[in-house]
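# No sequence on hand, only this structure:
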């Protein structure tokens, strides 16, 4: 994490490193409140510090934020470590998609438009297998 912070001209503080580690280790995009609960279990970090750190990391392009169908803001790493999810509209379960279906499309768009893409997000809504069976 210290390498990522250094590359983005950010001071390596304990709270930044903790917050960045939580985001990196999470298998799905994560809310600020969830980051706070995880970090605050073992460390004395204020919720305002979490929000301020997330904002700084977003402004520097280290992480990206996105609002999802539930109207909550989620955070994840920018770049090739980002995550995409399937979301069940009935039970709310979230399943990560392992491969990114967007990389070749990004390359094509960049070549055609000259636009430098820094990130994207993808959320696919539907009904999970378990809920489909319950509906039958």
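Structure received. Keep in mind that this is a model prediction, so the values were computed, not measured.
# And the contacts of the helix or strand bottoming out on mean pLDDT in the chain?
Within the chain, no helix or strand scores below helix 2-7, which has a mean of 82 by mean pLDDT, DSSP states H and E. Contacts to helix 2-7, defined as C-beta atoms under 8 Å, 6 or more residues apart in numbering, come from residues 11, 12, 16, 17, 20, 62. Placement of C-beta: from N, CA and C, glycine included.
# buried ones in that helix?
Going by neighbour count (16 or more other C-beta atoms under 10 Å), the buried part of helix 2-7 is 4, 5.
# what mean pLDDT does the helix or strand following that helix have?
Note on helix 2-7: by DSSP states H and E, the next helix or strand toward the C-terminus is helix 14-25. Averaged across helix 14-25, the pLDDT comes to 92.
# Mind checking what helix or strand follows helix 14-25 in sequence?
strand 30-31.
# Which elements pack onto that following strand?
In terms of contacts (3 or more C-beta pairs under 8 Å, 6 or more residues apart in numbering; DSSP states H and E), strand 30-31 is packed against strand 73-77.
# got the angle for the strand it packs on vs helix 14-25?
90 degrees (axes from the mean of the first three to the mean of the last three C-alpha atoms, to 10 degrees).
# Now do strand 73-77: which elements does it pack against?
Using 3+ C-beta pairs under 8 Å, 6+ apart as the contact test, the elements touching strand 73-77 are helix 14-25, strand 30-31, helix 32-42, helix 47-59, strand 63-67.
# least reliable of these going by mean pLDDT?
For those, where the average pLDDT is lowest is strand 63-67, sitting at a mean of 87.
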